[in-house]
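this is a predicted model, with the sequence first.
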Amino acid sequence: MTGGSHARPPEPSGSEGTSSRLFRRTPRRPRGRWRVGTPLVIALCGGLFVVSAANSGGTDLRPGRYTDLAALVKDEADETAELKAKVSDLNDEVSSLSRSISDRDVNRYQRKVSELRDPAGLVERRGPGITVTLSDAPEDVINSTTGNINPLLVHQQDIQAVVNALWKGGATAVTIAGQRIVSTTGIRCEGNAVQLQGVPYPQPYVIQAVGTQADLLMALEDDDYVSSYREDAGDPDISVGWDLELEDEVRAPGFDGLTDLNFAVPLATRGS
């Protein structure tokens, strides 16, 4: 998977000019300077090593550097989960304090909030539905291709197309990797993972929807983009992953992320 606009990477250049670059003769250099300069460079490097060892005291001078990408992703995901738990606790505290206030205006707003929780995706939904699973082509297909590799990978627009088709089919709730999708959810790809609310989820990408199965299937059939993806899935030279299953019950948990909206505002005109 690739992020952003998924621009097609440039086709690999040929080998023209490689041999001349690799086997070009290197001009002879005077040896006299090297005989004197080399010991000086070695001595200078040795001095730097001594200074670094003294400053570090035997510890890593770059303790915050991560060399394992998987560990970095896991640490970030764990930190995000901890922050979400704190936010949930604070929201519960705010709700508790609000309910304890006997005020007509507060009570009116609380009733309005309760009415909007379900349409906003904050309430769990259960019911019949479908599961769509997207995945990259098998490794042997990817490794054997000599052309453009993009059709063999799942991109964020592929996931978005499936989700949008399910909404058009009347889905009452949609999840990706078990995470509830709401109006403020951004589907973003980072490398070979999809980010939801800042947390990366690797492939395969499991998309579930609660709704009338016949309507959901018809919406997927009628969507041109999804149909094109499915054609690629059936092409043995592409074989990008597509799997669809009918489910007796799909569980879509309530959205538990941040509900604040960030938006841009126009700058004040000069003289106003």
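Happy to help now that I have it.

how long is stretch 108-127 from one end to the other?
31 Å (CA to CA, to the nearest Å).

how about stretch 196-206?
End to end - CA to CA - stretch 196-206 spans 13 Å.

oh, and call the first residue 15 from now on, that's how I've got it
Fine by me, first position is 15 from now on; the one you just mentioned is stretch 210-220.

so for that stretch, what gets flagged as buried?
Applying a neighbour-count criterion of 16 or more other CB atoms under 10 Å, one finds 210-211, 213-215, 217, 219-220 buried in stretch 210-220. Placement of C-beta: from N, CA and C, glycine included.

can you list the residues that contact that stretch?
15, 87, 90-91, 94-95, 98, 145-150, 168, 173, 190-193, 195, 199-201, 204, 206-209, 255, 271-272 (CB atoms under 8 Å, 6 or more residues apart in numbering).

circling back: show me which of the buried residues of stretch 210-220 is closest to residue 134.
residue 211 (14.8 Å; CB to CB).

what about that closest one, distance to residue 151?
The span separating residue 211 from residue 151 equals 28 Å under the rule CB to CB, to the nearest Å.

what's around residue 247, how many residues?
16 (other CB atoms under 10 Å).

counting by contacts, list what the helix or strand it falls within packs against.
When elements are assigned from DSSP states H and E, residue 247 belongs to helix 238-248. Using 3 or more CB pairs under 8 Å, 6 or more residues apart in numbering; DSSP states H and E, the elements in contact with helix 238-248 are helix 170-182, strand 255-266.

quick one, which of those is nearest to residue 108?
It's strand 255-266; of the helices and strands packed on helix 238-248, that one is closest to residue 108 (CB to CB) at 24.6 Å.

secondary structure class for residue 199?
coil (DSSP: H, G, I helix; E, B strand; the rest coil).

not counting sequence-adjacent ones, nearest residue to it?
residue 210 (6.4 Å; CB to CB, 6 or more residues apart in numbering).

dihedrals phi and psi, that neighbour?
phi -130, psi 120 (degrees, to the nearest 10).

farthest pair in the buried residues of stretch 210-220?
Farthest pair in these, by CB to CB: 211 and 217, 17.9 Å.

any idea how far residue 281 is from the closest residue to residue 208 other than its chain neighbours?
In space, not counting the residues next to it along the chain, residue 208 is nearest to residue 215; the distance is 5.4 Å by CB to CB, 6+ apart. With distances taken as CB to CB, residue 215 is found 37 Å from residue 281.

check residue 133 too.
33 Å.

could you do residue 176 as well?
38 Å.

more crowded one of residue 133 and residue 281?
Taking neighbours as other CB under 10 Å, residue 133 and residue 281 compare with residue 133 leading, 11 against 6.

now do the SS call for the more buried one.
Residue 133 ends up coil, using three-state DSSP.

give me phi/psi at it?
Torsion angles, degrees, to the nearest 10, at residue 133: phi -60, psi -30.
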